[in-house]
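Novice: Sharing a model prediction with you, sequence too.
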Amino acid sequence: MEQVELLKKLATLALVEVEEAKLELIRRDIERIVEMFNKIRDLNLPEDLEPLYTTYFGGGNLRDDSVERVKESEVQELLDRKLEEGYVKAPRTL
Amino acid sequence: MRSPQCTDLATISIETLRARVEEDPDFLFKYIEEVYKIIERCEETIRAYITLRPMEDVIKEAEGILKRGSPGPLGGALVAVKDNISTKGIRTTCGSRMLENYVPPYSATVVERIEAAGGIIIGKTNMDEFAMGSTTENSSFFPTRNPWDPERVPGGSSGGSAAAVAACEATVALGSDTGGSIRLPAAYTGTVGLKPTYGLVSRYGLVAYASSLDQIGPIGRRVGDVARVLSVIAGYDSRDSTSLKVEVPDYSLFVKDEPLRKYRTVVVEEMVGEGVDRGVVKVLEQVVNKLEGYDIEVEFRSMPVLEYSLPAYYIIAMAEASSNLARYDGLRYGIYLGTEGLLWTKAYTQVRKVGFGDEVKRRILLGTYVLSEGLYEGYYMKAAKVRRMIYDSFRKLFSEFDLALSPTAPAPPPKLGEVVTDPLKLYSLDINTVPINLAGLPAISVPGGVAGGLPVGIQLFGPPLSEGVLLNVARIIEVIVSCE
Amino acid sequence: MSDGTIIGLEVHAQMTSLRTKLFCSCSSDYRGKKPNTDVCPTCLGLPGSLPVLNRVALEKAIALALALGCKISEKLFFVRKHYFYPDLPKNYQISQYDRYGLIPIAMNGSITINMGSYSKVVRIRRINIEEDTGRIVYPGSSPLGSTYSLVDYNRAGIALLEIVTEPDFSSPREARVFLEKLGSILEHLDITDTSLEGSLRADANVSIAGGPRVEIKNIGSPKELEKALSYEITRQLNILRSGGTLERETRHWIKERGITVPSRAKELEGDYRYFPDPDLPPVSIPSELVESVRRKLPELPDLRARRLAKEYEIGDYMASVLVLSKKLCDHFEKTVKLCGKPKIVSSILVNEFLRWVDELDLDLSEGLARLNSERLCRIVDYVERGLISVKLLKEYVRRVISEDVDPERIVESGMTTLTSVEDLERVVEEVFREYPKAVEDARRDPKAINFLVGQVMKKTKGRADPKLTNEIILRRLQEYEPS
């Protein structure tokens, strides 16, 4: 079914896997929700209507270029992991 | 209107607590003990907390505050903090297995401000996983129950915070609101919940769900308590690029039993339409009638674009959520599965499969969908255009009026299990609250009465930075309702 | 090179002159630090962390845009570019985009390169501001054998400028000169110190004979760029000549082996799901800001080249080569201030110094440190005095650079021009005795004395004064009588 293919493709893009057992249930829910979304998709809106991506109306927040170091002692706490010679252990990349 | 778990002492307001503590510092310890007694009695049923700090720790902190001399504006108040707000050294799970054992190395700005003002963090409250839900049933750990009726939900996603406040297991609480997550639980639990203007309260340290919609806000048993906490947490934070550089007034000054001036007030017809329970509408009508006695006249206006607010909201919220949750891969923090031998794509997939619940997975998939190549313009961009229309409509509305009233929720709190299995049914609970987030406006939910013995909340909302007006009218409604 | 070679570049330049990273206050000086010590919640992407833009980064980006003659956008937009990889803390990169009504900081500029016999205008499509990723290293010696990888996030969040060109290059050499010039502009603007490892990286897109585009990643310097492109074009030509077909792909340049290989990392190409970053609302770029940056612009390479050519009378081409490196150019002006003689100094720097630095694979800064102004002036002085010939000059320059010695030491070792007529005559006698046939040839054809001159040079280890040697040999040839 085309929908299942789409779901699998999205799952690969987002690295979110759905167990086979739940696949049909989730697919059905997603289908209904997309139908709701299509109300927006099918709207006829003027080309020049500018989208609104944020309701922040201030002038902007920029930061001065001055260094603020995290305390030595606290740096270790930043990474909630056992490090290997200071590095974060990560999965294979090759 | 007091929930059955509360005792006289535990029901105390911040103002009274502060005054009593200044007079007699020992009072603070008496109060703390009282609260922990209630928790011991009621938590097994209510389950508002994911992490409760041991009483000894809280007592120690209280001692520290008293040593400072003045107990600060919060006077030793016990603050329950929603578990998606970072607290240094205290586990912050976001209601998710992904962060089940995550202890943040830093605190959110609001937490630092609360502590500096004499507030004591008593614990971290239950929530829908990553704030995705409207009943707190999507918590990966357990559901929270409504103190008014344990068979019913407390609302969500800040259900734990609202329940803790309602059951007097805390003085006040912090929640977060993306599409109604403070206001809905406040309405369901008979408490007061405020979502500030977008940008008024710093989001630094709030685990992001939908960044352009999220705001942190206070939940309390009284309008006065909410005003006090807002004064402490609001204001510019240089660590948040969406933080507004504005003067923050003392919001307590607005908590008066009389209107501070003449308010032109409106009810948007679509918010009391046929989707809304008649019992709830009746409560609103009664409040509106009583308001006339305060010379607050209410008019009606129609805003047809609101028909599209739910789909626009969910497209935007899910898109941003799919992005904000991309970082959870088990590499730097959170759940650890020892997946190093695998290729990174496989390793991440495993972590995210185990770490995320179904609703979160659903929203990530949908969010990915609406942002994908070829679909972006039809979904996300169009939703943003609808957002512009809603924003402009409200702007126009508030050029004529000072504030608007509506029921917070379309019906009284449902029973556990009643809506959570049907996503669309679940989403529809937000129908009156999401337009507010889309437009970035401030809103407050205040108890308006009961319908069928269950709490009904009235939502007040207004133009940006109108929190003072909202608090004033909310207080008046509070007075009206308490006189019945 | 073959007709139909089309090359486009995508350059990433770190804004190394910034003190902090792009979106947080961590120090930008990450090189040489222990891993994961120059980090904070924001550049690690911890839950609840937020980005705040570095004001100076914006100013520097505007400066580059002005220098390249770009159109600067009125508002600054940031987007999120999504893909999963261990060196990307948030699994999205904050960058810029040019679709859906969003625009990068600057577009449509150009850089003109001087190739000697011709000039070329290279069009700049856009300039983006974006953040750098962390670094992945591999345990043990062989990346291919390891079952896991190691990540250092010190570099994550460093400010980058991405400069994308139109596919205007038709040879690897042009690409190299462009990258050198861009690097020089960045240095003159005090944005990037290109001598820092990893500060200037390039990806190249190349297609030949109208074929598919091949992307080459991981090129770290102008020199490598020329090598990589030459290799790749040859590789592609060989495939075509043997009847094969080319396909669109991404390849990786391996500096140590001088080859490109198919990219092993699973293609991260795909749907990046760009959308405006909600944590970074659009920032206005008022014209006052642009003008204030414009007023503070320093002397840029093109203008500097024109000034040098005029002020020192060294010619356009010589000047254009000098300005390809700010350090080289500064060195030239400093040296000339010390001892004058701009023509010789520039000639030494351009013709000798650069060649040796290239051949010995030395860092430019290291080379300049060895051939410092004092030593350079000393050498020039020796030439002026006649102590050494032009030929010996080359030897001096080589030895100073490769051995890091003072020119005085070389003089002491006896490497001066042999001008004693007596000594030279003796050597010429020797050569005449050893090569009677060559002498015969030379008597008949004066041009053939070069062999004899060469032998004198060999015997005197290059010290013989060429002019004198010529004279003596010619004289002897006339005096000589066949036996």
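Specialist: Arrived safely. Residues are numbered from 1 along each chain as shown, chains lettered A, B, ... in the order given.

Novice: what about residue C:145, neighbour count?
Specialist: Look at residue C:145: counted by other CB atoms under 10 Å in any protein chain shown, it has 10 neighbours. To be clear about C-beta, it is placed using only N, CA and C from the backbone, and glycine gets the same treatment.

Novice: er, residue B:148 actually
Specialist: By other CB under 10 Å, the residues close to residue B:148 number 24.

Novice: ok, now residue B:291?
Specialist: Residues lying near residue B:291 (other CB under 10 Å) number 20.

Novice: likewise residue A:21?
Specialist: Residue A:21: 7 neighbours (other CB under 10 Å).

Novice: Any residues of chain A in contact with chain C? List them.
Specialist: A:13, A:15, A:50-51, A:53-54, A:56, A:58-70, A:75, A:78-79, A:83-94 (CB under 8 Å from any CB of the partner chain).

Novice: 6 Å instead?
Specialist: A:13, A:15, A:53-54, A:56, A:60-63, A:65, A:67-68, A:70, A:75, A:78, A:86-90, A:93-94 (CB under 6 Å from any CB of the partner chain).

Novice: buried subset of the residues you listed?
Specialist: Buried subset of the residues of chain A next to chain C (neighbour count, 16 or more other CB atoms under 10 Å in any protein chain shown): A:13, A:15, A:53-54, A:56, A:60-63, A:65, A:70, A:75, A:78, A:87-90, A:93.

Novice: Of the residues you listed, which are in range of chain B?
Specialist: Restricting these to those near chain B by CB under 6 Å from any CB leaves A:13, A:15, A:53-54, A:56, A:61, A:78, A:89-90, A:93.

Novice: Rebuild those as a markdown table, extending it with pLDDT.
Specialist: Listed next are those as a markdown table, based on pLDDT from 0 to 100:
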| residue | pLDDT |
| --- | --- |
| A:13 | 93 |
| A:15 | 95 |
| A:53 | 96 |
| A:54 | 96 |
| A:56 | 96 |
| A:61 | 91 |
| A:78 | 78 |
| A:89 | 91 |
| A:90 | 92 |
| A:93 | 85 |
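
Novice: Of those residues, which is the nearest to residue B:352?
Specialist: residue A:15 (5.6 Å; CB to CB).

Novice: where's that closest one relative to residue C:147, distance?
Specialist: 20 Å (CB to CB, to the nearest Å).

Novice: And for residue C:213?
Specialist: Using CB to CB, we find residue C:213 at a distance of 34 Å from residue C:147.

Novice: higher neighbour count, those two?
Specialist: residue C:213 (15 against 11).

Novice: List the contacts of that one.
Specialist: Residues counted as contacts of residue C:213 (CB atoms under 6 Å, 6 or more residues apart in numbering or on different chains) are C:205, C:207, C:248.

Novice: Tell me, how many residues neighbour the residue of the stretch 301-450 of chain C found nearest chain B?
Specialist: The stretch 301-450 of chain C approaches chain B most closely through residue C:326 (34.0 Å), counting by CB to the nearest CB. Counted with other CB under 10 Å, residues neighbouring residue C:326 total 22.

Novice: Check the one 5 residues further on too.
Specialist: The number of residues packed around residue C:331, counting by other CB under 10 Å, is 24.

Novice: Pull the residues that contact stretch B:111-120.
Specialist: B:58, B:61, B:65, B:71-79, B:87, B:232-233.

Novice: Filter these down to the ones in strands?
Specialist: Among these, the ones falling in strands (DSSP state E) are B:78-79.

Novice: Please name whichever of the contacts of stretch B:111-120 scores lowest on pLDDT.
Specialist: Least confident of those in the model: residue B:71, at 89.

Novice: In contact with it, which residues?
Specialist: B:21, B:65, B:118.

Novice: Check the separation of the first and last residues in stretch B:151-163.
Specialist: With CA to CA, to the nearest Å applied, stretch B:151-163 spans 13 Å between its terminal residues.

Novice: same question, stretch B:188-201
Specialist: 24 Å.

Novice: Generate JSON lines for the contacts of residue B:71, with neighbour count as supplementary columns.
Specialist: Compiled in JSON lines, the contacts of residue B:71 are given as follows (neighbours: other CB atoms under 10 Å in any protein chain shown):
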{"residue": "B:21", "neighbour count": "24"}
{"residue": "B:65", "neighbour count": "22"}
{"residue": "B:118", "neighbour count": "23"}
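
Novice: Export those as TSV, with columns for distance to residue C:330.
Specialist: Shown next, in TSV, are the contacts of residue B:71 (distance: CB to CB, whole Å):
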residue	distance to residue C:330
B:21	68
B:65	60
B:118	59
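
Novice: now, which of these sits nearest chain C?
Specialist: Distances from chain C to the contacts of residue B:71, taken as CB to the nearest CB, are shortest for residue B:118 (23.5 Å).

Novice: So for that closest one, what pLDDT did the model give?
Specialist: 96.

Novice: Please apply the same query to the one 4 residues further on.
Specialist: Residue-level confidence at residue B:122 comes out at 98, pLDDT.

Novice: how much space is there between it and chain A?
Specialist: Between residue B:122 and chain A the distance is 23 Å, computed by CB to the nearest CB, to the nearest Å.

Novice: can I assume that residue sits in a strand?
Specialist: Yes: assessed with DSSP: H, G, I helix; E, B strand; the rest coil, residue B:122 lies in a strand.

Novice: Tell me, how many residues neighbour it?
Specialist: The local packing of residue B:122 (other CB under 10 Å) involves 28 other residues.

Novice: Next: residue C:108.
Specialist: The tally of other residues near residue C:108 (other CB under 10 Å) stands at 13.

Novice: three-state assignment of it?
Specialist: Classification of residue C:108 by three-state DSSP places it in strand.

Novice: Any idea what the nearest residue to it once chain neighbours are set aside is bridged to?
Specialist: Nearest non-adjacent residue to residue C:108, counting by CB to CB, 6 or more residues apart in numbering or on different chains: residue C:71, 5.3 Å away. Residue C:71 has these beta-bridge partners by DSSP bridges: residue C:107.

Novice: Which strands and helices lie in contact with the lengthiest helix in chain C?
Specialist: Scanning chain C for the helix with the most residues, using DSSP state H, yields helix C:222-241. Applying 3 or more CB pairs under 6 Å, 6 or more residues apart in numbering or on different chains; DSSP states H and E, one finds that helix C:222-241 contacts helix C:172-188, strand C:214-219.

Novice: for the ones you listed, which one ends up most surrounded?
Specialist: Each of the helices and strands packed on helix C:222-241 was scored by mean neighbour count; the highest is helix C:172-188, a mean of 24, by mean count of other CB atoms under 10 Å in any protein chain shown.
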